[in-house]
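> okay, sequence plus prediction incoming.
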Amino acid sequence: MKLIVNILLAGSLVFGFTGCDSYLDKLENPNLVNTPPINGLLATATYQTGLNVYRMGDIVSYYTQYLSSNVRGSDADIYNEVDYSSGWSNFYDAMMNIQQMNLMAAEKGATKHLGVGKILMALNLNMLVNTFGDVPYSEALKGQELLTPKFDSQQSIHAVSLQLLDEGIAELNKTGATLNLDAASDVIHGGSTEAWIRTAYGLKARFLNQLSKTSTYDPAAVLAALANSYTLSSQDAALTSFAERSPWNAAAYNNTQLDLDAWLSTQFVDALNGTTFGVFDPRLPKIATITKFGDYRGTTNGAGRIGTGTNQEESYLSVDGFYSKTGAPLWILTYSELKFIEAEAAFRSNNKQRAYAAYMAGIKENMTKLGVSADDIKSYTENPVVAVGEANITLDLIFKEKYVTMFLNPESWTDARRFDYKYKDFGLPTGAAMNTFIRRVAYPTVETSRNGPNVPAISGLDERLFWDK
């Protein structure tokens, strides 16, 4: 199957993957075909959503200190405001396409497409609200009907994202759909209704677990959702087809061409190379380049590079690494993530036996996926730093191992804030613009310049979102 051809065709029929500056620019777009084929919309919606996971991950990986800029005092590193207009626009581009597919699906009785569309909308909205806070939704995506939509509250959007998942599951479970999902156009799950249902339940567990610091958190509901989700790593949701290089491979390759990118943070490298925890994590060679000194060294956020940037003084994403090799998938939701969600929810339910079993399973599943050898998995998971026994399992251990498993995934920043950045030896960037960790990003100029009266005022980038109080 030539999935890339389908993707590019879908893009030309709808809005194109480059898009315009914001959802407002979709109005009266002369390139917009009024009635694109529904499977073309499916291809565009799944492709754009997968890329949005990468785009948001790229933004927030400097806040989780997976990545570091090679330039001293980089704005993203040190918590200065950064204009994320292109990221904001990409999300609304994707949601405009999803909305068009959903409207067409409802009209045609294409319940499978509608179910997938609702799940995709939920995922995009959830990533947006966990980064920007209040965002337009109830009055957005309406074309010429409303050019300056209001911003909906974070709480309401989070609730809507959960509602959309439930509605998506219900649509997928309906019989008598007028159209089946085209396998080649669904570039995440290949047209499998069952796979989408499992993913929806997994996302539901993720979204419910985001509420761990609130009075509405219900670990039993988290565990109930998990019971209907993945049971194997082969069921993971990922984008695997790309018009050009896969995004993290492009970043790693660009670095080899002296377009410096994809530098690993000291925080992440030290967490795996034995510096922080006294045990070497065999996943590190599956991710990072080795330095000219024969070891692994990160770059401290805010401090910039210590070497020339051209002579392997620091570690970068490897062009042969699991996340950054040629054609490397963009992981949206994985079984290993769900095992750590299970571990946390079980721990918060005072079920340490289940929490410990899920914690160990999450490590092993992630290591197996990365291609770590059986001997190295055994050695690591039997090390007393890791194998503490169920009586000694803690949230610190669960979050520490989940941090490694969630490498480059935007959900990791939600975890960091829920955990109040309490990872061992996790410090503020050198020259940080605030005396505390970042909790949100600022609204982009593409919105403040065109919908300014509706944009909420924020007190600063240390302002906590509703679930982070």
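That came through, no problem.
> tell me the secondary structure at the closest residue to Q65 other than its chain neighbours.
Leaving out its chain neighbours, the residue that sits closest to Q65 by C-beta to C-beta, 6 or more residues apart in numbering is Q267, at 3.7 Å. (C-beta placed from N, C-alpha, C; glycine too.) Using DSSP: H, G, I helix; E, B strand; the rest coil as the criterion, the local structure at Q267 reads helix.
> run a quick neighbour tally on Q267.
Other residues lying near Q267 total 24 when counted by other C-beta atoms under 10 Å.
> and what of A262?
With other C-beta under 10 Å as criterion, A262 counts 28.
> before we move on, what about S153?
S153, neighbours per other C-beta under 10 Å, totals 14.
> can you name the helix or strand that F242 falls in?
Assigned by DSSP states H and E, F242 belongs to neither a helix nor a strand.
> in terms of contact, does it touch T326 like I think?
No. Counting by C-beta atoms under 8 Å, F242 does not reach T326; the two are 10.0 Å apart.
> show me which of the two is the more surrounded one.
Looking at F242 and T326 with other C-beta under 10 Å, you find the greater number of neighbours at F242, namely 21 against 11.
> now do the contacts for the residue nearest to Q65.
Contacts here follow C-beta atoms under 8 Å, 6 or more residues apart in numbering; on that basis Q267 touches 65, 298, 301, 423, 425-427.
> among these, who's most crowded?
In terms of neighbour count, N301 stands highest of the contacts of Q267 at 28 neighbours, by other C-beta under 10 Å.
> for it, helix, strand, or coil?
For N301, the reduced secondary structure class is coil; criterion used: three-state DSSP.
> my read is that it contacts Y62, right?
Yes. In this structure N301 lies within contact range of Y62 using C-beta under 8 Å: 6.7 Å.
> shared neighbours of those two, which are they?
Counting by C-beta under 8 Å, 6+ apart, the common neighbours of N301 and Y62 are 68-69, 77, 265.
> what is the neighbour count of R305?
Using other C-beta under 10 Å, R305 is surrounded by 18 other residues.
> residues contacting it?
Residues near R305 by C-beta under 8 Å, 6+ apart: 70-71, 263, 299, 313-314.
> tell me how far the residue positioned nearest the centre of the chain lies from T148.
The chain has P410 as the residue nearest its centroid, 3.4 Å off, counting by C-alpha atoms, centre = their mean. If you measure P410 against T148 using C-beta to C-beta, to the nearest Å, the figure is 28 Å.
> which stretches of the stretch 1-150 of the chain have low pLDDT?
Counting by pLDDT under 70, the ranges of the stretch 1-150 of the chain that qualify are 1-35, 143-146.
> just curious, which of the shared contacts of N301 and Y62 is nearest to L330?
L330 lies nearest to S265 out of those, by C-beta to C-beta, at 20.2 Å.
> so the closest one touches T299, yeah?
Yes. Between S265 and T299 there is a contact under C-beta under 8 Å: 6.5 Å.
> all helices for the stretch 101-250 of the chain, in order.
Along the stretch 101-250 of the chain, the stretches classed as helices by DSSP state H, counting those that start in this stretch are 111-132, 154-173, 193-209, 219-226, 247-256.
> how near is S69 to G302?
Taking C-beta to C-beta as the measure, S69 falls 8 Å from G302.
> what sits in contact with each of these two?
Shared contacts of S69 and G302 (C-beta under 8 Å, 6+ apart): D77.
> what's the burial count for the closest residue to Y230 other than its chain neighbours?
Using C-beta to C-beta, 6+ apart and skipping the chain neighbours, the partner closest in space to Y230 is Y335 (4.3 Å). Using other C-beta under 10 Å, Y335 is surrounded by 21 other residues.
> contact partners for Y66?
Counting by C-beta under 8 Å, 6+ apart, Y66 touches 264-265, 268, 407-408, 412.
> let's have these in a markdown table, adding pLDDT, distance to S246 and neighbour count.
Compiled in a markdown table, the contacts of Y66 are given as follows (pLDDT from 0 to 100; distance: C-beta to C-beta, whole Å; neighbours: other C-beta atoms under 10 Å):
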| residue | pLDDT | distance to S246 | neighbour count |
| --- | --- | --- | --- |
| L264 | 97 | 18 | 27 |
| S265 | 98 | 21 | 23 |
| F268 | 98 | 20 | 27 |
| F407 | 98 | 15 | 23 |
| L408 | 98 | 12 | 25 |
| S412 | 98 | 19 | 23 |
